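In: Okay, here's the prediction I keep looking at, along with the sequence it came from:
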Amino acid sequence: MSDRELKKLLEQLHRELDRTESVSAEMLEKVRELDADIHQLVASKGETEFFESVREQARALQTRFSVDHPVAERFVAQIIEILSKTGI
């Protein structure tokens, strides 16, 4: 897995959300949780159970962003793609 790619996408996602005024505090918290969980997943070398949980968490965020925040949704989609391709 490309740790660098994931970190870059997470940074881009955070920057995009910082520029967007209409993102709720709840959504920002969910993004922070996803960020922390991805870092933990990378450090754990991809425990299968945790991997599925993180991927589902990312999919839920993608769905919520799809209508109101299409740029953020694309970053999350790329994160999911990297996680899925590598299977950690």
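Out: Now that the structure is in, tell me what you want to look at. These numbers were taken from a predicted model, which means no experiment stands behind them.
In: Pull out the buried residues from the strand or helix carrying Val71.
Out: Using DSSP states H and E, Val71 sits in helix 70-86. By 16 or more other CB atoms under 10 Å, the buried positions in helix 70-86 come out as 72-80, 82-83. The way it works is simple: take the backbone N, C-alpha and C, and place the C-beta from them, glycine included.
In: Of the residues you listed, which is the nearest to Ser44?
Out: For the buried residues of helix 70-86, the residue nearest Ser44 by CB to CB is Leu83; the value is 13.3 Å.
In: measure the residue lying closest to that closest one once chain neighbours are set aside to Pro70 for me?
Out: Excluding the flanking residues, the one nearest Leu83 by CB to CB, 6 or more residues apart in numbering is Arg55, at 5.3 Å. Counting by CB to CB, to the nearest Å, the gap from Arg55 to Pro70 is 21 Å.
In: what's the answer for Ala43, then?
Out: Distance, Ala43 to Pro70, by CB to CB: 31 Å.
In: and if you look at Ile38?
Out: Distance, Ile38 to Pro70, by CB to CB: 21 Å.
In: what angle separates the host helix or strand of the residue nearest to Leu83 from helix 70-86?
Out: Per DSSP H and E, Arg55 falls inside helix 48-68. Per axes from the mean of the first three to the mean of the last three CA atoms, to 10 degrees, the angle that helix 48-68 makes with helix 70-86 is 160 degrees.
In: buried sites along helix 48-68?
Out: Neighbour-count burial for helix 48-68, counted by 16+ other CB under 10 Å, picks out 51, 54-55, 57-58, 61-62, 64-65.
In: tell me the residue furthest from the middle of the protein?
Out: Using CA atoms, centre = their mean, the residue of the chain lying farthest from its centre is Glu21. It sits 19.2 Å away.
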